[in-house]
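>>> Let me see the structure of the following:
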Amino acid sequence: MWWGGLPAKLKGLIDRTFLPGKTFDTRNKTAIGFPMPMLKGRTARLIVTSDTPGWLMSFCYGNALFRQIRYQIMGFVGIRPTRFTHFNMASHPKPGKVDGWIKTVSQLGAQAA
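Okay, the predicted model is just below:
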């Protein structure tokens, strides 16, 4: 997370990989007129780092970044569910904190395999 949103390089990656005809079909529409998603049946797990504490993300911002990614990006192309793992206070983590994050991500990867 960068300034409460997606970092520009990540947004650029999404723009270049989630292309019409590859991830959504503009020739076929959903019942409400959106392009037909082409990635149905897939799921996502996103690892998000930020300096914003989880309670602040939820209470003050309503998890806006997570909602944007879940519904406006992943949901648009049919990826459901989208789950998040949020590591906060990332700029200056306490000793041992990063090791814990690595362990968590390793466990998530093993569960998904």
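
>>> ranges for the helices of the protein?
8-17, 54-59, 64-67, 75-77, 97-112 (DSSP state H).

>>> Now tell me what touches the last one from outside.
Spelled out, that is helix 97-112. Arg45, Ile47, Thr85, Phe87, Met89, Pro93 (C-beta atoms under 8 Å, 6 or more residues apart in numbering). C-beta coordinates here come from the backbone N, C-alpha and C atoms, glycine included.

>>> among the helices of the chain, which is nearest Gly33?
helix 75-77 (12.8 Å; C-beta to C-beta).

>>> Turn the helices of the chain into CSV, columns for distance to Ala31, mean pLDDT and mean neighbour count.
Formatted as CSV, those follow (distance: least, C-beta to C-beta, whole Å; pLDDT from 0 to 100; neighbours: other C-beta atoms under 10 Å):
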stretch, distance to Ala31, mean pLDDT, mean neighbour count
helix 8-17, 25, 96, 11
helix 54-59, 32, 94, 13
helix 64-67, 22, 95, 16
helix 75-77, 15, 97, 17
helix 97-112, 32, 96, 11
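
>>> The ones you listed: which one's closest to Pro35?
helix 75-77 (7.9 Å).
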